[in-house]
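Participant: here is a sequence with its predicted model. Questions after.
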Amino acid sequence: MQIRAHHIFCIQGFIGKGYSEQFIDNMENIIEKINSCNLLIEVTNTPDCICTACPKLKIIDSQSENAKISPIGCEVETKVKMLDRKVADSLGIDFGKHYLYSEILKKLKYIDEEKFDNICSECQWYSLGYCKKRIIGI
């Protein structure tokens, strides 16, 4: 399963709220799947299985069978790629590499408040504190 690097943090803080019911259902299904077994995760910095239900994802020709993700990706792709890079660097993981989900969770133990704030303070969900509480316990 491909997961954007920053979604590793998002998965930890997700509480069933999001952009839409479709997004929430998709995220809940993905979280259930990765928590039910020790999946092999391919870390990416491009749209992943979570992005497919996000309204900010740019789709070309969405009304036809030929619908596909725009090369632009997300409406805020530059910002999202920066988040991906920060998370990957902080966890010591590389794009395109595969990791057991349990290995990634072990790496989260080394994220402190300063690192977390540096990575996530510009995220629209940051002020709610869900991710921070679940990742570093504050």
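Facilitator: That came through, no problem. Numbering: from 1, shown residues only.
Participant: show me the shaky parts of the protein.
Facilitator: Residue ranges of the chain with pLDDT under 70: 55-76, 138.
Participant: run the last query once more with 90
Facilitator: 16-20, 22-23, 35-38, 46-80, 122-125, 128-131, 136-138 (pLDDT under 90).
Participant: what are the boundaries of the strands in it?
Facilitator: If DSSP state E is used as the criterion, the strands of the chain fall at 2-4, 40-44, 57-60, 68-74, 98-100.
Participant: name the residues that touch stretch 83-92?
Facilitator: 4-6, 8-9, 43-45, 94-95, 104, 107-108, 110-111, 115, 118-120, 123 (C-beta atoms under 8 Å, 6 or more residues apart in numbering). In this view, the C-beta of every residue, glycine as well, is placed from N, C-alpha and C.
Participant: CA atoms of it as PDB?
Facilitator: Extracted in PDB, the C-alpha atoms of stretch 83-92 (Å, rounded to 0.1, in the frame of the first residue of the first chain):
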ATOM      1  CA  LEU A  83       5.200  18.200   4.600                       C
ATOM      2  CA  ASP A  84       6.100  14.800   3.100                       C
ATOM      3  CA  ARG A  85       9.800  15.800   3.000                       C
ATOM      4  CA  LYS A  86       9.700  17.000   6.600                       C
ATOM      5  CA  VAL A  87       8.000  13.800   7.900                       C
ATOM      6  CA  ALA A  88      10.300  11.500   5.800                       C
ATOM      7  CA  ASP A  89      13.400  13.300   7.100                       C
ATOM      8  CA  SER A  90      12.200  13.300  10.700                       C
ATOM      9  CA  LEU A  91      11.500   9.500  10.600                       C
ATOM     10  CA  GLY A  92      14.600   8.600   8.600                       C
END
